[in-house]
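here's my sequence, what's the structure:
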Amino acid sequence: MNRSRGGLFMASKSRAEHFRQVKRLVVKVGTSLLADPRRGVNRAMIRKLAGEIRGLRRAGREVVVVTSGAQWLGRHRMGLDRRPKDMPGRQATAAVGQVLLMNEYERALGRAGLAAAQVLLTREDLENHQRYLNARNTLERLLEMGAVPVINENDTVAFEEIRFGDNDNLAALVAQLVQAQLLVILTDVDGLYEGDPRLNRGAGLIGVVPKITRAMEQAAGGVGSDLGTGGMLTKLQAAKVVTAGGEMMVIARGDKPRVLLGVLEGGEEGTLFLPSGRPLDSHKRWIAFGFKPRGALMLDEGAARALRVQGKSLLPSGVTGVSGRFGAGEVVRLVDPNGREIGRGLCNYSSEECGKIKGARSSEIEARLGYKMKDEMVHRNDMVLGGDPRE
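Residues are numbered from 1 along each chain as shown. Sure, this is the predicted structure:
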């Protein structure tokens, strides 16, 4: 795909028309833009970003920032050449760097006449429904007050099981959390290319992506640099989250003048990802992308077919095996007899309970457990089909 094909796709609706509806956007800033090997932080970049946010606010748009860079700044401040390999070391450098990072945002936004508000999140904050609502309500109130939320992962307390993994993923989930119409990921490249431009100078920049293909993911490669944890692949995964909800995402070069204003004015900035198909409602997006699955249920062929073709709920009789340890109400993978994930869902029973009732009729649940919560292991309203949503 190239710019000309993108242009044909957009002929009936210009970029400006797409972005006219955007009243709230999330802007993710990558470590590569914020890191200055000599000074630690790229203050000019943060000042530029603050000025553009001021321009967007004056145009009536609300902005939430998701920032990387805390670990890098902590490493620089403590004189470390490399990212610590151990978790306590990474958490310690993040603790040092987060103070420096927020100080720079507060100073730059303050000069632009705006108030910065620090918000630190872990995956648990978005997996637990009450904490999810608390985070959303706080962010809504901050925007009502006119503040600019500046969000980062709470690396100081996050351990591997509750990490987002990278801030591209965090930004996509934040966009879902605050119901933003657009996510803009600012990075050190112009957008998504047909191949790695560092290895293939002839690789063309893709202007518009109606649908993310496996070929795009294969061309995206792995981690971008030693500065951060994300590469182009994590950005494509973020785009899947955003577009599945019926919203848009742009990858653009962050050090270009007026890049955010240019995007919202409809300029040919970066790569635009369009909403994909029928959007998932917020509950199913929460199931598909907000959780790490804690286990899996193995299905027989009849159950897999009933889910995929007939839109049925999953009953214990169709379950042949259980893996992992999970509690009632946690997300599990639904796996067909060939080992392929065909969906995810909220399980009404714990892994121990599932092990006792697998293969049973619904009428036999109480006899096996001494009680019955539900007839279904996973109700169709709490299920998202279609395989691993990140693939």
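
quick one, phi/psi of the nearest residue to Gly55 once chain neighbours are set aside?
Among residues not flanking Gly55 along the chain, Leu261 sits closest, at 5.4 Å (Cβ to Cβ, 6 or more residues apart in numbering). Backbone N, C-alpha and C define where each C-beta goes, glycine included. Dihedral angles of Leu261 (phi, psi; degrees, to the nearest 10) stand at phi -60, psi -40.

can you pull the contacts of Glu376?
Contact analysis of Glu376 by Cβ atoms under 8 Å, 6 or more residues apart in numbering lists Ser313, Leu314, Leu315, Asn348, Ser362.

which residues touch Ala175?
Counting by Cβ under 8 Å, 6+ apart, Ala175 has contacts Val26, Leu182, Leu183, Val241, Val242, Gly245, Glu247, Met249.

so how far is the helix or strand hosting it from its chain's centroid?
Take DSSP states H and E as the rule and Ala175 turns out to sit in helix 167-177. With Cα atoms, centre = their mean, to the nearest Å as the basis, helix 167-177 stands 4 Å off its chain's centre.

residues touching the helix or strand just after that helix, excluding its own?
For helix 167-177, the following helix or strand on the C-terminal side (DSSP H and E) is strand 182-187. Applying Cβ under 8 Å, 6+ apart, the contact partners of strand 182-187 are 19, 22, 24-30, 32-33, 49, 168, 171-172, 175, 224, 235, 238, 242, 247-254, 259-260, 263.

restricted to strands, list the residues you listed.
Arg24, Leu25, Val26, Val27, Lys28, Val29, Met248, Met249, Val250, Ile251, Ala252, Arg253 (DSSP state E).

just checking, the first one touches Leu177?
No. Using Cβ atoms under 8 Å, Arg24 is not in contact with Leu177, being 11.3 Å away.

between these two, which is the more surrounded one?
Set Arg24 next to Leu177 and count neighbours by other Cβ atoms under 10 Å: Leu177 wins out with 24 against 15.

OK, contacts around the nearest residue to Arg253 once chain neighbours are set aside?
Distances taken as Cβ to Cβ, 6+ apart place Asp190 nearest to Arg253, at 4.8 Å, with adjacent residues excluded. By Cβ under 8 Å, 6+ apart, Asp190 lies in contact with Leu205, Ala252, Arg253, Gly270.

thought the last one was touching Met248?
No. Contact status for Gly270 versus Met248: not in contact, 11.6 Å apart, counting by Cβ under 8 Å.

give me the more crowded residue out of those two.
Gly270 (27 against 23).

gap between that one and Ala16?
15 Å (Cβ to Cβ, to the nearest Å).

quick one, helices of the stretch 51-200 of the chain?
70-77, 87-111, 123-127, 129-145, 167-177 (DSSP state H, counting those that start in this stretch).

just name the most buried of those.
When neighbours are counted by mean count of other Cβ atoms under 10 Å, the highest per-stretch mean among the helices of the stretch 51-200 of the chain falls to helix 167-177, a mean of 27.

can you give me the angle that one makes with strand 248-253?
Taking axes from the mean of the first three to the mean of the last three Cα atoms, to 10 degrees, one finds helix 167-177 and strand 248-253 inclined to each other by 150 degrees.

could you give the mean pLDDT of helix 167-177?
Averaged across helix 167-177, pLDDT comes to 91.

repeat that for stretch 100-112.
Taken as a whole, stretch 100-112 has a mean pLDDT of 96.

and it, C-alpha only, in CSV?
Taking C-alpha atoms only, stretch 100-112 is exported to CSV below (Å, rounded to 0.1, in the frame of the first residue of the first chain):
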residue,chain,number,x,y,z
LEU,A,100,12.5,14.9,36.6
LEU,A,101,10.1,14.2,33.8
MET,A,102,7.0,15.7,35.5
ASN,A,103,9.0,18.7,36.5
GLU,A,104,9.8,19.4,32.9
TYR,A,105,6.1,18.9,31.8
GLU,A,106,4.9,21.1,34.7
ARG,A,107,7.4,23.9,33.7
ALA,A,108,6.6,23.8,30.0
LEU,A,109,2.8,23.6,30.3
GLY,A,110,2.9,26.3,33.0
ARG,A,111,4.7,28.6,30.6
ALA,A,112,1.9,27.8,28.1
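
pull the residues that contact it.
In this structure, residues lying in contact with stretch 100-112 by Cβ under 8 Å, 6+ apart are 34, 40-41, 43, 46-47, 49-51, 53-54, 65, 67, 69-70, 73-74, 77, 115-116, 118, 148, 150, 152.

so which of those belong to strands?
Gly40, Val41, Val65, Thr67, Ala116, Gln118, Val148, Val150, Asn152.

for the stretch 151-300 of the chain, give me the ranges with low pLDDT.
155-165, 221-230, 277 (pLDDT under 70).
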